[in-house]
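[1] Sequence and predicted structure, then a few things I'm wondering about:
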Protein chains: 2
Amino acid sequence: MELIYHNKTKSHYSRTEQMDTLSFTPHDHSACIADAVRTAEQTCRESGLRLTAQRKRVLEILLSGHRAMGAYDILDILKEEGQTAQPPIAYRALDFLVQHGFAHKVERLNAFIACAHPGEDHAPAFLICSDCRRVAETPSAPARALLAEAAAEAGFRIDTAVIEAVGQCPDCAEPAA
Amino acid sequence: MELIYHNKTKSHYSRTEQMDTLSFTPHDHSACIADAVRTAEQTCRESGLRLTAQRKRVLEILLSGHRAMGAYDILDILKEEGQTAQPPIAYRALDFLVQHGFAHKVERLNAFIACAHPGEDHAPAFLICSDCRRVAETPSAPARALLAEAAAEAGFRIDTAVIEAVGQCPDCAEPAA
DNA sequence: GCTCCGACTGTTATAATATAACTTGGAGGC
DNA sequence: GCCTCCAAGTTATATTATAACAGTCGGAGC
């Protein structure tokens, strides 16, 4: 299992810019995993949640790709690590992570991805690259506001909204590197 | 199979207002089905597409509810009508209808819904009522524009976008009728 | 310490959604 | 008529997800 997928050197953006679209920019990935896990641990401690070994491991697996992963992809990895790993194991951990904002479900892919901004209260939009399957989060507040407006005119009250774009990420849109 | 689901008399809107959110407003449903089928027939004739009996029947089934229906819901109805109806029958018809804009897939529900505006070139947002599962289309152009802007900043080129809101429709939000 | 409780995990089974692959049929062009 | 192509029929299987129940573990209260 390769842990660093996108440390290519060519990019439209410097490492310090555009951190909102982490997934499409080069960065120190192992540090990024460690950070995210630490944030999750702290958040759980503060909120009285239990980041058990299973949940933490699943979070790490998700973090290792900045890529949407199916529940069964995760199960396969758990199995390689020697666990029995029946489906509910993965789904329960994923439910926990999604429910508490450490991960998101990408509806379009029936897959899951680690949250790029754990701890912050946010409802992101996803940019899904149809070529490499990498997924980035992008701010969705403005789009959500307009959507809520349109909904209100219809007398509809929005609880949650799924906003997912499919297209080409910067790397895959370029002819070559 | 009840064909008219929401001809309730109470609504925030008159019949002639808010036609963009057809699904949450009372209207003459059998006429609405006939209209949509006619539009589809004409569009196919003009474009050299074949609206076969199967495809037409699946479209009618979808239209009968203004509701998202799973492929297997449709299969069940086809079976009741005497067909053998294996999954590919439904999926192929749905693929055709979605591909040519006569129906949409609601990713959040893994389900399908007839297009409320066939013939018009549009990419709607969906308003999904979590209580009654009815689904309305609402204009999404403004929200899409903002999303495209945010994506462009990340160097991402959007091909298609899924915009789906879950919440309460006018009827279900009211305490009672 | 003990016990109870509630939350998490383990396990089996199965449901729900979707597609692959190959065969048969039927409409239209030539 | 015959060929071609696309659609429909059919079998099998892949993929995604949940139900249901039994076992385990840790902390709260006594």
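    That came through fine.
[2] Count the residues that sit near the residue lying closest to residue A:170 once chain neighbours are set aside.
    Distances taken as CB to CB, 6 or more residues apart in numbering or on different chains place residue B:155 nearest to residue A:170, at 3.4 Å, with adjacent residues excluded. Using the backbone N, CA and C atoms, a C-beta is placed for each residue, glycine as well. Residues near residue B:155, counting by other CB atoms under 10 Å in any protein chain shown, number 21.
[3] what's the answer for residue A:141, then?
    12.
[4] again with residue A:142
    Residue A:142 has 16 neighbours, counted by other CB under 10 Å.
[5] what about it, which helix or strand?
    Secondary structure assigned from DSSP states H and E places residue A:142 in helix A:141-153.
[6] what's that helix in contact with?
    A:123, A:125, A:157-158, A:161, A:163, B:18, B:21, B:125, B:127, B:138-140, B:142-144, B:146-147, B:150, B:163, B:165, B:167 (CB atoms under 8 Å, 6 or more residues apart in numbering or on different chains).
[7] close to chain B, is the next helix or strand after that helix?
    Downstream of helix A:141-153, the first helix or strand assigned by DSSP H and E is strand A:157-168. Yes - interface with chain B: strand A:157-168 contributes A:157-168 (CB under 8 Å from any CB of the partner chain).
[8] again, but for stretch A:94-113
    Yes - in terms of CB under 8 Å from any CB, part of stretch A:94-113 sits within range of chain B, namely A:107-108, A:110.
[9] in that stretch, what's buried?
    Judged by neighbour count using 16 or more other CB atoms under 10 Å in any protein chain shown, the buried positions of stretch A:94-113 are A:94, A:96-97, A:100-109, A:111-113.
[10] Could I get the residues of stretch A:94-113 next to chain B in a markdown table, plus columns for secondary structure?
    Below are those laid out as a markdown table (DSSP: H, G, I helix; E, B strand; the rest coil):
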| residue | secondary structure |
| --- | --- |
| A:107 | helix |
| A:108 | helix |
| A:110 | coil |
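[11] Closest one of the residues you listed to residue A:84?
    Closest approach to residue A:84 among the residues of stretch A:94-113 next to chain B (CB to CB): residue A:110, at 23.3 Å.
[12] My read is that that closest one contacts residue A:70, right?
    Yes - the pair residue A:110 / residue A:70 is scored as a contact, 6.7 Å apart, by CB atoms under 8 Å.
[13] Spell out, range by range, the strands that occur in chain A.
    Under the criterion DSSP state E, chain A contains strands at A:103-106, A:111-114, A:125-129, A:135-138, A:157-168.
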